[in-house]
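Novice: what shape does this take:
(2 chains)
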There are 2 protein chains.
Amino acid sequence: MERVLRMKGGVGETSYVNNSLIPKKAIMKVKTLLDENLKMMISDTTFNSCWKVVDLGCSSGPNALLVVSNIMKVIDKISLSLNHELPAFQIYLNDLYENDFNTILKLLPDFHQSIQQERGENHGPCFINATPGSFYGRLFPNNYIDFFHSSYCVHWLSQAPKYSTKKAEPLIKGNICITRMSPPSVYEVYVEQFGRDFKNFLRSRSDELAMHGVMVLTLIGREKNGEITSYEALGMVLDEMVQEGLVEEAKLDMFNLPLYHPTIEEVKQMIEAEGSFTLQTLKTFKIGWDANLQEDIVDYVVDSNMRGEFIAKYHRACFESLLIAEFGENVMDELFSRFAKLIAQFIEIKSPDFFNIVLFMNKCP
Amino acid sequence: MERVLRMKGGVGETSYVNNSLIPKKAIMKVKTLLDENLKMMISDTTFNSCWKVVDLGCSSGPNALLVVSNIMKVIDKISLSLNHELPAFQIYLNDLYENDFNTILKLLPDFHQSIQQERGENHGPCFINATPGSFYGRLFPNNYIDFFHSSYCVHWLSQAPKYSTKKAEPLIKGNICITRMSPPSVYEVYVEQFGRDFKNFLRSRSDELAMHGVMVLTLIGREKNGEITSYEALGMVLDEMVQEGLVEEAKLDMFNLPLYHPTIEEVKQMIEAEGSFTLQTLKTFKIGWDANLQEDIVDYVVDSNMRGEFIAKYHRACFESLLIAEFGENVMDELFSRFAKLIAQFIEIKSPDFFNIVLFMNKCP
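Specialist: Numbering: from 1, shown residues only, chains lettered A, B, ... in the order given. The predicted structure is shown next:
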């Protein structure tokens, strides 16, 4: 999985760089929460002259730098309100080994220039590094990091469940994720995998976080069962292509997305059971599947076909690497063209959204 | 310069990855010196449970990981001899923003596996990061790094001198570097630029190095003036192409390589004048222009044409990005094909070599 999963690299039309407005919307929403919550969590006694800040799952687009810039602004603001000098920052951008780090690192000269202008004369220096590796294992020395941030990453699993508890049977026939028809046993297999991964995640971060450290996670969760997800729609298209002989049935049966969207209760229980972190604040918000679409095309009337296209492009940038590894590159255009049309139909009926969970945590003393 | 200079990325036939045997030879030579000198420089009192190690100018090839692995082995050995547990390592691979970091980061899963096997059961963890940016400025917080290493980088200047001291005249007509015919005034202009850069380099590293820290630099120097360099030969080919109308004369006149090979005395004086470091050991060694060629082709008789080709490929991987920016991509094949032939002729007469200087330094107390 680690060698296949990545957001689509480069700077082309279908790249993640050019199709990441939905996670951007989430980051902008969380910015306000950062402002409100961090000051409370960072006390005068934990003043740092150099903040070590990590974005986990930074991907290859400009969103990672938006996150970094938001965090620096908030910490600068807190430092000023405490009458401290503006601190230095040591930033670590993390993602899997196969992530397109080149694209993001080439943005850095311009980024340095822009933050220098924003932070003014008396700002401390900002040193930026890339840290490749899975966040389900260790990435940093003990007690080292002051601030962990991750947006739209922790719902990615380290591997996709394939079989039902009976072992011999494929977990999900005719789709690629939990669907509205899935029995509780499918949820159980997924939640087990999520639980294992999330526990490893929390344990690793707790080892790495300094005593006064803070972690902020944004992930997609679910409010209740039985709602359609965009992934179910993607699986429906693949099933349609199976019926037409364009995709092998056995491949569809054995392929599941390594994604799980937990409920608030599941997340809370897991954090408590793992025991390393104190959950300070939990917030939720919703953003439409086509959030931020209009940012790019203000002069046009946005009809459902265009919204379908937009949503399809975002999903393609996120999932293509996984889907190509299973189904081959030659069916991708057809798959996402059909997906765009299906989404356009859904949107005519109702406006579906992603349910976001934001978690503010401290390390337990 | 920073946005143009890079070793050739990717993993193709002409990539740096596949044409970096000459710097590899230098790294292997320095390995023995590391063994001999580090133990003396690292005392029992400066024991570290986590070593922060930097390779400055790591480029995109496997050499950077060879360096890292050599350094870890030496420090492990010293730790064992002092009856300490094997330390953890936090490694930073530095190069300019345009460097192909993706290629090197994708090698890391296999690298982690191989060092785990080598270091055995009780090894500490090893965390690897990429740190993009120019080493003529700051890259890390104050007093942060334990060990700086750089091989074949510090002779690269932050910019190439273009004009003679009279300003209006091009510094070097009909070539791209100091030649055997160059008057002292050309050396002066180059040595001034090298002096400014090297001073910035030493000042930045001294700020970043922890009190007990160590720095080891390998660079190409010159033993005496008036020897032909491989770059002079490359310039001769470009001049020949000017005569044939394939390259514009004005472009050749205004293009110089951002490279300076200092003498031992120049380096010593500059370190002393800058004042932040104590030079513990200075060693020199020579390696042939075609060093390590035979590693790849043991079953063949290596004639001068093959040696010429080999040397041309190495130079192409190093200089192509700069040369393309000035002379265009379409003359590169012709340029390096002629260069290979010219080098083959030189080699028939004598076996030229690179004069290497290795410097072991401590931060001044």
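Novice: after the lowest-mean-pLDDT helix or strand in chain A comes which helix or strand?
Specialist: Least confident helix or strand, chain A: helix A:293-296 with a mean of 53, by mean pLDDT, DSSP states H and E. For helix A:293-296, the succeeding helix or strand toward the C-terminus, using DSSP states H and E, is helix A:304-327.
Novice: next up, the contacts around residue A:172.
Specialist: Residues counted as contacts of residue A:172 (C-beta atoms under 8 Å, 6 or more residues apart in numbering or on different chains) are A:178-179, A:182, A:186, A:235, A:253, A:256. C-beta: built from backbone N, CA, C; applies to glycine.
Novice: secondary structure element for residue A:345, which one?
Specialist: Residue A:345 belongs to helix A:332-349, assigned by DSSP H and E.
Novice: next SSE after that helix?
Specialist: Counting by DSSP H and E, what follows helix A:332-349 is strand A:353-363.
Novice: helices and strands around that next one, which ones?
Specialist: With contacts taken as 3 or more C-beta pairs under 8 Å, 6 or more residues apart in numbering or on different chains; DSSP states H and E, strand A:353-363 sits against helix A:21-41, strand A:209-221, helix A:264-274, strand A:277-288.
Novice: how deep is residue A:83 tucked in, by neighbour count?
Specialist: A total of 7 residues lie near residue A:83 under the criterion other C-beta atoms under 10 Å in any protein chain shown.
Novice: what secondary structure does it sit in?
Specialist: coil (DSSP: H, G, I helix; E, B strand; the rest coil).
Novice: mean confidence for stretch A:183-203?
Specialist: Mean per-residue pLDDT for stretch A:183-203: 92.
Novice: what comes into contact with it?
Specialist: With C-beta under 8 Å, 6+ apart, stretch A:183-203 has contacts from A:135-137, A:154-155, A:157-161, A:163-165, A:171-172, A:178, A:225, A:260, A:262, A:266-267, A:270-271, A:273-274, A:276-277.
Novice: I'd like to know which of those are buried.
Specialist: Among these, those scoring as buried are A:135-136, A:154-155, A:157-158, A:160-161, A:164, A:171-172, A:178, A:260, A:262, A:266-267, A:270-271, A:274, A:276-277 (criterion: 16 or more other C-beta atoms under 10 Å in any protein chain shown).
Novice: and the residue most central in space within chain A, what pLDDT?
Specialist: With distances taken as C-alpha atoms, centre = their mean, residue A:152 lies nearest the centre of chain A, 1.5 Å away. Note on residue A:152: pLDDT of 85.
Novice: wait, doesn't it sit right on residue A:259?
Specialist: No: judged on C-beta atoms under 8 Å, residue A:152 makes no contact with residue A:259 at a distance of 10.7 Å.
Novice: buried sites along stretch A:130-148?
Specialist: So for stretch A:130-148, counting by 16+ other C-beta under 10 Å, buried means A:130-136, A:138-141, A:144-148.
Novice: before we move on, what about stretch A:99-114?
Specialist: A:99-109, A:111.
Novice: mark which of these are part of helices, please.
Specialist: Within the buried residues of stretch A:99-114, residues falling in helices by DSSP state H are A:101-105, A:108-109, A:111.
Novice: which of the residues you listed are close to chain B?
Specialist: A:101-102, A:105, A:108-109 (C-beta under 8 Å from any C-beta of the partner chain).
Novice: residue A:201 and chain B: what is the separation?
Specialist: Distance check for residue A:201 against chain B: by C-beta to the nearest C-beta, to the nearest Å, it reads 17 Å.
Novice: helix/strand/coil for that residue?
Specialist: Three-state call for residue A:201 (three-state DSSP): helix.
Novice: residue numbers of the stretch 51-200 of chain A in contact with chain B?
Specialist: Counting by C-beta under 8 Å from any C-beta, the stretch 51-200 of chain A comes close to chain B at A:88, A:90, A:92, A:97-98, A:100-102, A:105-106, A:108-109, A:125, A:127-133, A:138-141.
Novice: please redo it, this time with the cut-off set to 7 Å
Specialist: Within reach of chain B by C-beta under 7 Å from any C-beta of the partner chain, the stretch 51-200 of chain A has these residues: A:88, A:90, A:92, A:97-98, A:100-102, A:105-106, A:108-109, A:125, A:127, A:129-132, A:138-141.
Novice: hmm, back to that, nearest to residue A:41 among the contacts of residue A:172?
Specialist: Nearest to residue A:41 among the contacts of residue A:172: residue A:178, at 33.8 Å, using C-beta to C-beta.
Novice: the closest one: what secondary structure?
Specialist: Per three-state DSSP, residue A:178 ends up coil.
Novice: what residues are up against residue A:261?
Specialist: A:155, A:220-222 (C-beta atoms under 7 Å, 6 or more residues apart in numbering or on different chains).
Novice: apply 10 Å and report the result again.
Specialist: Contact analysis of residue A:261 by C-beta atoms under 10 Å, 6 or more residues apart in numbering or on different chains lists A:155, A:177-178, A:190, A:194, A:219-223, A:227, A:229, A:231, A:354-357.
Novice: check residue A:90 too.
Specialist: Each residue near residue A:90 by C-beta under 10 Å, 6+ apart is listed here: A:50-54, A:125-129, A:144-146, B:131, B:140-141, B:144.
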